[in-house]
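K.L.:
Okay, here's the prediction I keep looking at, along with the sequence it came from:
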Amino acid sequence: MKIQITADLLDGMVLALLEQNDHYGYELTQQIQQVVDISESTMYPVLRRLKKDGFLTTYDQPYQGRNRRYYQITATGRKDLANIRTLWRNYKLKLDSLLNEQSEGENSK
């Protein structure tokens with residue numbers, strides 16, 4: 001069984017990586033794929049939406065005769081990331097409480 005990643009969590013992962021450094025799309029996909037199972041075809045619509053919503057900006061840089069499009073987090077993106085982190089912490093605490101409580105109860109049987 002796989003645990004599904006929501007759009008909000010994927011947004012948070014992208015924004016967290018961009019908070020550290022600017023990245024181009026394929027590089028972002030590779031880094032996120034080390035943690036969760038997503039395809040490139042999933043990542044680019046997410047990046048377009050985050051840009052449209054004002055959370056990212058882009059710039060092009062030449063690389064081996066071609067341009068690479070780099071993504072950069074905006075101040076609005078940083079605020080959204082802070083909100084996602086708060087929501088995640090609360091959600092994770094509730095899940096941990098429920099799941100850990102369940103496993104402790106099973107161990108006592």
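P.N.:
In hand now; what should we look at?
K.L.:
before we move on, which element is the residue nearest the centre of the chain in?
P.N.:
Nearest residue to the geometric centre of the chain (Cα atoms, centre = their mean): M13, 1.7 Å. Assigned by DSSP states H and E, M13 belongs to helix 7-20.
K.L.:
on that earlier part again, would you confirm that the residue nearest to the centre of the chain contacts Q34?
P.N.:
No. Using Cβ atoms under 8 Å, M13 makes no contact with Q34, being 10.7 Å away. Where C-beta positions appear, they are placed from N, C-alpha and C, glycine not excepted.
K.L.:
Sort out which residues of the longest helix along the chain are buried, please.
P.N.:
Longest helix in the chain by number of residues (criterion: DSSP state H): helix 75-107. Neighbour counts over helix 75-107 (16 or more other Cβ atoms under 10 Å) mark G77, D80, L81, I84 as buried.
K.L.:
Dump the residues you listed into a markdown table; add distance to P45 and pLDDT as well.
P.N.:
Formatted as a markdown table, those follow (distance: Cβ to Cβ, whole Å; pLDDT from 0 to 100):
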| residue | distance to P45 | pLDDT |
| --- | --- | --- |
| G77 | 17 | 98 |
| D80 | 17 | 97 |
| L81 | 19 | 98 |
| I84 | 18 | 96 |
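K.L.:
which of those residues sit farthest apart?
P.N.:
G77 and I84 (10.1 Å; Cβ to Cβ).
K.L.:
which residues do these two both contact?
P.N.:
L15 (Cβ atoms under 8 Å, 6 or more residues apart in numbering).
K.L.:
can you list the weak-confidence ranges in the chain?
P.N.:
For the chain, the stretches with pLDDT under 70 are 1, 102-109.
K.L.:
Determine the angle, from 0 to 180 degrees, between the helix holding M13 and helix 75-107.
P.N.:
If you take axes from the mean of the first three to the mean of the last three Cα atoms, to 10 degrees, helix 7-20 sits at 120 degrees to helix 75-107.
K.L.:
Please save the CA atoms from helix 7-20 in CSV.
P.N.:
The C-alpha coordinates for helix 7-20 follow below in CSV (Å, rounded to 0.1, in the frame of the first residue of the first chain):
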residue,chain,number,x,y,z
ALA,A,7,-1.4,18.6,-3.6
ASP,A,8,-0.8,20.7,-0.4
LEU,A,9,2.1,18.4,0.7
LEU,A,10,3.6,18.4,-2.8
ASP,A,11,3.4,22.2,-2.8
GLY,A,12,5.1,22.3,0.6
MET,A,13,7.9,20.0,-0.6
VAL,A,14,8.6,22.1,-3.7
LEU,A,15,8.5,25.3,-1.7
ALA,A,16,10.8,23.9,1.0
LEU,A,17,13.4,22.8,-1.6
LEU,A,18,13.2,26.2,-3.3
GLU,A,19,13.6,28.0,0.0
GLN,A,20,17.1,26.4,0.2
